[in-house]
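*Asks:* Fold the following and give me the result.
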Amino acid sequence: MTRRLALCAIALLALAFPVAWFAPLMTVRVRLAFWASGTDISLITTLQSLWADDPALALVLSFLTLAAPLLKLLGMALVLLGWLTPRADGALWLLGRLAMADVFLIVVYMAMVKGIDAGQITPQWGLWAYSGAVLASLGLSMWIGRLPLPAGHGTTGA
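*Replies:* The predicted structure is shown next:
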């Protein structure tokens, strides 16, 4: 029953991440006459604009933001089902750490814009949604690490 609940939580997070990717993270108002209205920024719109300017950075951030969290969820589900061997634990641990890196980058970007005092950033609900999904994924992996796993798995956590 507990493993089934964990699998349901993984499925819910797999749905929550894409919603958070498209949700507005923040509204940026720059103190320039030609940009008076606010611009909503989401993870997807940021990645789209980065692909035109810096494809290498866009590729790294796309992996951190889109692929790493979903691969971690998939790995946790496979561990719960007993379909992954204990050798995968190291990779899942690394994916979990990489999935947290993008939240740090968002905070750095917000601090940079606020620090130059050239505008105003208003956090939006998407920032809470994305941060919550990442933290819920972290908590879920800690919980799964304490669950009794299928016979023969022999792992200590994801």
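*Asks:* what's the next secondary structure element after the worst-scoring helix or strand of the chain on mean pLDDT?
*Replies:* Across the helices and strands of the chain, mean confidence by mean pLDDT, DSSP states H and E is lowest for helix 89-116: a mean of 71. Later in the chain than helix 89-116, the nearest helix or strand by DSSP states H and E is strand 119-123.
*Asks:* roughly how far is that next one from the heart of the chain?
*Replies:* Strand 119-123 has its C-alpha centroid displaced from the chain centroid by 21 Å (CA atoms, centre = their mean, to the nearest Å).
*Asks:* Direction included, what does it pair up with?
*Replies:* Next to strand 119-123 in the sheet, as set by DSSP bridges, lie strand 26-30 (antiparallel).
*Asks:* C-terminal to the strand it pairs with, what's the next element?
*Replies:* strand 39-41.
*Asks:* which outside residues touch that following strand?
*Replies:* 24, 25, 26, 27, 28, 29, 124 (CB atoms under 8 Å, 6 or more residues apart in numbering). The C-beta positions use only the backbone N, C-alpha and C, and glycine is treated the same way.
*Asks:* now, which of those sits nearest residue 93?
*Replies:* Of all those, residue 25 has the smallest distance to residue 93: 26.9 Å, by CB to CB.
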